[in-house]
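Chemist: next one to model:
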Amino acid sequence: MEKISVAVRFRPPKSSADPDVDSSSFSGGGAGGNREWRIDDTRISLLHRAVPVPGTSFAFDHVFDDTATNGRIYGLLVRSLIRAAVDGFNGTAFAYGQTSSGKTFTMNGSTADPGIIPLAIRDIFDTAAEAADREFLIRVSYMEIYNEEINDLLTLGSEKLPIHESLERGVYVSGLREEIVNNAEQVLELLQRGEENRHFGETNMNVRSSRSHTIFRMVIESSAKDQVNSGDAIRVSILNLVDLAGSERIAKTGADGVRLKEGKHINKSLMILGNVINKLSENGKQRGHIPYRDSKLTRILQSALGGNAKTSIICTAAPEEIHIEETRGTLQFASRAKCVSNCAQVNEILTDAALLKRQKLEIEELRQKLQGSHSEVLEQLILKQRNDMHKFELERDRLAMELEEERRLRETLEHQLTEQQKMLENHDNIGLSAEQFTDSIQLDSLKTPDSKRTPDGFVASRSRYSNDVEFSPIPENLGAVADEDLWMQLNKGCITDLDMLEMTPGFKCPPSLPKDTTAVAPLKEPIDVRCQRLEKDCISDRQQLEDSKASCAVLEKERNQLIEENSLLRQELSRSKQEGNHLVSEKEELLKELETERYKMEQLKQDIRIFSQSFSQRQGQLTSLYTKSKAIVENCKASQVALP
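Modeler: Numbering: from 1, shown residues only. From the prediction side, this is the model:
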């Protein structure tokens with residue numbers, strides 16, 4: 001985006017003796033008075049008795065006083081525009097202001113001080129001559145908008161030309177004559193011819209007042225001299241140099257009849273131009289419809305106002321106090337125009353050769369990318385990701401095994417803890433029931449872990465020397481009561497030791513305690529000491545269980561992280577595979593396109609070869625024809641000389 005360049009120029013004040021001004025038609029003429037304009041570098045302020053008036057201070061890109069020449073204005077404001085037009089950018093420069101403020105003088109100038117249009121014409125051809133590697137074709141046209149009708153100033157009788165629009169040409173005037181020119185003098189002659197056909201009129205403010213808007217257009221085409229080998233595109237740019245008619249007040253101009261009608265059309269088109277500038281200067285979100293089509297002037301200059309063009313505006317103003325209101329309106333217009341932005345781009349038309357060359361360059365770049373270091377780096381990256389994923393999978397399996405072992409260990413510890421709690425509960429029950437016994441023999445029998453519940457009766461204890469199972473055979477019939485014959489059979493004739501018989505009490509014995517495989521306490525260990533030891537073991541087992549749970553949670557967290565990282569690596573691997581497949585498909589497509597372009601190139605070479613042959617044949621025919629015609633001319637001359 002590029003802002004429109006805006007400058008303001010004050011013309012010299014007119015004296016009462018100026019022949020172009022009828023000072024008797026209005027009062028207050030001259031530069032003297034209580035109000036005046038002050039110029040400070042690029043700022044303009046209105047003073048009333050040397051005091052600034054609020055709200056009347058404006059800043060622009062350039063401000064020129066009455067001593068500025070057309071050459072200086074052109075150098076600061078328009079020269080860069082001309083250079084850009086030669087390089088392929090669209091450009092527009094126009095003068096805006098009230099009538100009799102110096103617009104036509106700024107654009108056309110005089111013999112001593114040429115204006116912007118003559119200077120631009122010469123500068124275009126000089127700039128084109130400096131570009132030794134390009135060929136230029138320049139066409140010019142000259143039109144005027146008179147009473148909202150378009151006339152061709154280079155062709156008499158060509159009036160009321162219509163405006164059309166197309167995708168290729170954009171907005172253009174149908175039927176407008178375009179002259180191909182080769183030098184600046186030829187263009188200046190056409191410009192002079194068009195000025196003679198332009199509508200001028202006399203008013204109270206100006207003897208020669210412009211009654212129409214004129215647009216001098218130059219179409220600049222350029223291409224590389226070696227178009228076949230270079231393959232460069234053709235650049236086409238349009239340069240518009242516009243001289244607007246001035247806004248006017250009927251009270252000052254004294255217009256009536258035809259002049260009044262002309263003034264109405266002029267003011268209407270300038271008002272629409274101001275509305276377009278106002279809309280373009282607004283914010284993009286608040287901007288509404290832009291009325292380009294309400295006027296033929298804004299319709300033709302549509303690309304120059306907020307479009308694809310570089311634009312410069314020269315606003316001319318009169319310094320007299322009588323014109324302060326008109327000057328303020330001009331400055332407000334210039335201030336709004338300064339907020340308008342254009343988007344200028346080089347206008348190119350691609351030929352078949354240029355398009356073919358660009359496609360070849362793009363294919364070569366893509367091929368280098370595919371065959372270069374990019375593909376190797378991508379393969380290395382894919383290989384590294386695969387190795388990392390494999391490592392993470394192994395680490396995940398190892399952690400899963402450790403987690404399973406921790407779970408088994410935890411289950412074992414929980415089972416041991418449950419068994420120990422049951423043992424503690426049984427010991428507590430034994431401690432409570434021991435108080436009801438007074439016989440120490442019965443209490444000792446309860447403390448024995450191998451005691452079993454026996455039926456009512458008595459139990460015979462075998463002698464200590466007969467520990468072998470086979471020493472005493474088991475009788476076939478064993479009753480509930482032991483008699484003397486039974487003892488004789490069991491002991492094989494040994495005398496029964498009655499002191500070894502023990503009477504079983506008549507109460508229910510609690511179930512025997514299971515054996516503790518982890519820590520077997522001695523039989524004579526007190527119950528309280530054993531309970532304390534079991535409680536300590538239980539506390540240590542609980543602590544180990546808590547530690548195992550914590551380590552298990554940590555391992556589960558690490559396992560989840562590894563699962564997530566594994567999924568991410570799989571996604572990256574799949575993405576890399578997709579990119580690799582996409583690159584391979586693109587490579588195949590590019591190879592196909594390359595083959596197609598090669599085939600087209602071969603066809604083009606064959607066409608060029610055929611054309612060269614036909615051209616050489618045609619050239620030979622023309623040479624022979626020229627030789628024959630030359631011989632005929634020589635014979636005619638000889639025959640004329642031979643005649644008396």
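
Chemist: what pairs with the host helix or strand of V242, and is each one parallel or antiparallel?
Modeler: Assigned by DSSP states H and E, V242 belongs to strand 234-243. Taking DSSP bridges as the criterion, strand 234-243 sits next to strand 91-97 (parallel), strand 213-224 (antiparallel), strand 348-349 (antiparallel) in its sheet.

Chemist: counting by contacts, list what the following helix or strand past that strand packs against.
Modeler: Note on strand 234-243: by DSSP H and E, the next helix or strand toward the C-terminus is helix 250-253. Counting contacts by 3 or more C-beta pairs under 8 Å, 6 or more residues apart in numbering; DSSP states H and E, helix 250-253 packs against helix 258-281. (C-beta placed from N, C-alpha, C; glycine too.)

Chemist: which outside residues touch the helix it packs on?
Modeler: By C-beta atoms under 8 Å, 6 or more residues apart in numbering, the list of residues contacting helix 258-281 from outside reads 96, 145-148, 199, 201, 203, 211-213, 244-248, 250, 253, 255, 287-292, 294-298, 305-306, 333, 336-337, 339-340.

Chemist: about what we covered before: what pLDDT, on average, does the strand holding V242 get?
Modeler: Averaged across strand 234-243, the pLDDT comes to 92.

Chemist: would you mark the buried spots in that strand?
Modeler: Buried residues in strand 234-243, counted by 16 or more other C-beta atoms under 10 Å: 234-243.

Chemist: still on that earlier bit, for I121, which of the strands paired with strand 234-243 is the nearest?
Modeler: Closest approach to I121 among those is made by strand 213-224 (7.7 Å; C-beta to C-beta).

Chemist: gap between that closest one and the chain center?
Modeler: 35 Å (C-alpha atoms, centre = their mean, to the nearest Å).

Chemist: tell me the mean pLDDT for it?
Modeler: 91.

Chemist: now the angle between helix 258-281 and that strand, please.
Modeler: 50 degrees (axes from the mean of the first three to the mean of the last three C-alpha atoms, to 10 degrees).

Chemist: bridged to E144, which residues?
Modeler: Bridge pairing for E144 - DSSP bridges - gives N151, T214.

Chemist: my read is that D87 contacts V236, right?
Modeler: No - under the criterion of C-beta atoms under 8 Å, D87 makes no contact with V236, lying 11.8 Å away.

Chemist: deepest-packed of the strands paired with strand 234-243, please.
Modeler: Stretch with highest mean neighbour count among the strands paired with strand 234-243: strand 91-97 (a mean of 26; mean count of other C-beta atoms under 10 Å).

Chemist: continuing past that strand, what's the next helix or strand?
Modeler: In N-to-C order, the element after strand 91-97 by DSSP H and E is helix 103-108.

Chemist: which other helices and strands contact that following helix?
Modeler: helix 70-73, strand 91-97, helix 116-130, strand 234-243, strand 310-317.

Chemist: quick check, distance from the third one to the centre of its chain.
Modeler: Pointing back at helix 116-130 there. That offset, for helix 116-130, works out to 39 Å (C-alpha atoms, centre = their mean).

Chemist: could you check the angle strand 213-224 makes with it?
Modeler: 0 degrees.

Chemist: packing partners of the strand or helix carrying E196?
Modeler: Here E196, judged by DSSP H and E, is contained in helix 184-197. Counting by 3+ C-beta pairs under 8 Å, 6+ apart, the packing neighbours recorded for helix 184-197 are helix 116-130, strand 134-146, strand 179-181, strand 213-224.
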